[in-house]
Every structure is written in C-alpha cells, then in structure tokens.
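Q: Model the following, please.
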Amino acid sequence: MPVPPPERIVELVSDLLASQGYDLEDVVVTAAGKHSTVRLMVDSDAGLSLDEAARLSRLLSDSFDAVSEFGESPYVLEVTSPGIGRPLTLDRHWRRAQGRKAKVELADETIVGRIGELIGDEIRLVVPDRSGPVVRGIPLAEIRNAVVEVEFSPPNPRELELAGGLPDGRVAAGEIDETDEEPADEDGTADGSNEENEARTDK
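A: From the prediction side, this is the model:
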C-alpha cells in the first residue's frame, strides 16, 4: 500500500501542526519504487529551528504510525521550513518575510525592494531613490508574483530601519548560507541552507 496522497496528509497533520503553533505550507510526496518521501513544509511567526524540526518530525511520525493508511510502506518523512524562491501569496508570508529583499512583479513593472510592514491590504516596500531608500506602498491585489531574493551580505541598516526591522526569531539576510543545499543527517539533524531547517525520519 503506497503512502496516502498529499490531500489526505494535509487532513492528517494540519490540526496537529496548528496545535503546536505551526502552519502547513506545502506537502510533497515523491515515490521511487517501493520507497516514498513525504516532505512537509512548515512555518511559524518565529520560524523553524533545527530542534523544532526534529521534534515535529518525531511527533508527526508517531501520528502517521497511529493510522492504517501508511501500512507497511517504507517512507522518509522530512520536515522543513520554506526556502528562498517560494512565492509570497498569503498575508502571513509577507509578515514573516519582513526585512528581506523581494522581487515583486506588477502588471507594468517589476520592483526589487525590501519588505516592510503589511498594513491592511497594502505591503510597504523599501525601494532605492536618488536621495536614498524610500517607502512605497503596493496594494496586494496588484501583485502578480513575488519571491524573496537571495542576499549575500547583511541588509543596509537604513533600509532595514525603514522596513520596520525583522520579526522576532527571524534571521537577517547574510547571516545564513542561502546558496547550497545539504541533506539532513540520518539522526534527524541538518545544516540550515536556503533558509531551510530540516529533519528527517526514516520509516
């Protein structure tokens, strides 16, 4: 019996994750022969630490063991946080990305700016100007696509100030390696990469 489809996994884990203070952002099931990988992308206002990823992995693994739908099928459970390049589509995505640089596509222009505060249905972006960085308000309804950009150095202090700083628990750009991905070790630990913390459980 193969592992359940993503839609069923969402039903199985959403309430459990919510009770722990996390949102389920995505589920990806990849099958390779008789083995499958179940990848759960989760996030919270305070982010996801390696210790929390490992704890959630154990908790979710126990939850899967309690239902018959997983049967005896071998699978690897991966719990990870969102990485660079994931689209910003919900209000919480914008709040959690505050202080990061993003590429924002509108109908008639593309803006690269630092994400500021979300006020109502408008996101504030800190954009360059001849006299220095300024704040520009963009209605969310006008945004066709938006993704967080990779940064190799810490943000300009003035830009970060105008953006309203970083949410509690979030890491500033340039303080993490956003270029390489390393798989998690078998003991459920991983190095942070691409703004992802990840834990694996083999079943």
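Q: What is the burial count for E69?
A: E69 has 14 neighbours, counted by other C-beta atoms under 10 Å. From N, CA and C alone the C-beta is placed, and that goes for glycine too.
Q: my read is it is in a helix, agree?
A: Yes: for E69, which was evaluated using DSSP: H, G, I helix; E, B strand; the rest coil, the result is membership in a helix.
Q: Would you map the helices across this protein?
A: Listed from the start of the chain, the chain has helices (DSSP state H) covering 6-19, 50-65, 91-96, 157-163.
Q: mind putting the ones you listed in a markdown table, mean pLDDT, mean neighbour count and distance to H35 included?
A: Formatted as a markdown table, these follow (pLDDT from 0 to 100; neighbours: other C-beta atoms under 10 Å; distance: least, C-beta to C-beta, whole Å):
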| stretch | mean pLDDT | mean neighbour count | distance to H35 |
| --- | --- | --- | --- |
| helix 6-19 | 95 | 14 | 16 |
| helix 50-65 | 93 | 17 | 15 |
| helix 91-96 | 94 | 18 | 32 |
| helix 157-163 | 94 | 17 | 44 |
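Q: The residue nearest to V134 when sequence neighbours are not counted: neighbouring residues, count only.
A: The spatially closest residue to V134, leaving aside those adjacent along the chain, is V127, at 6.3 Å (C-beta to C-beta, 6 or more residues apart in numbering). For V127, the number of neighbouring residues by other C-beta under 10 Å comes to 18.
Q: cool, and P87?
A: Other residues near P87 number 11, with proximity taken as other C-beta under 10 Å.
Q: In contact with it, which residues?
A: The neighbours of P87, taking C-beta atoms under 8 Å, 6 or more residues apart in numbering as the test, are H93, N145, A146, V147.
Q: Mind doing that once more with 10 Å?
A: Applying C-beta atoms under 10 Å, 6 or more residues apart in numbering, we find P87 in contact with H93, N145, A146, V147, V148.
Q: Now a PyMOL select for only the buried ones of those residues.
A: Buried subset of the contacts of P87, written as a PyMOL selection, criterion 16 or more other C-beta atoms under 10 Å:
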select buried, resi 93+146+148
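Q: Inside strands: which ones of the contacts of P87?
A: With strands taken from DSSP state E, the overlap with the contacts of P87 comprises N145, A146, V147, V148.
Q: which ones are touching T89?
A: Contacts of T89 by C-beta under 10 Å, 6+ apart are E25, L140, I143, N145, A146.
Q: Buried residues in stretch 72-86, which are they?
A: Along stretch 72-86, the positions that meet the burial threshold by neighbour count (16+ other C-beta under 10 Å) are Y75, V76, L77, E78, V79, T80, S81, P82, G83, I84, R86.
Q: Name the pair among the residues you listed with the greatest separation in space.
A: Across the buried residues of stretch 72-86, the longest distance by C-beta to C-beta is 26.7 Å; it joins Y75 and I84.
Q: Need the contacts of T89 in JSON lines (columns: pLDDT and distance to A53).
A: Rendered in JSON lines, the data for these read as follows (pLDDT from 0 to 100; distance: C-beta to C-beta, whole Å):
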{"residue": "E25", "pLDDT": "94", "distance to A53": "13"}
{"residue": "L140", "pLDDT": "97", "distance to A53": "30"}
{"residue": "I143", "pLDDT": "98", "distance to A53": "30"}
{"residue": "N145", "pLDDT": "97", "distance to A53": "28"}
{"residue": "A146", "pLDDT": "97", "distance to A53": "25"}
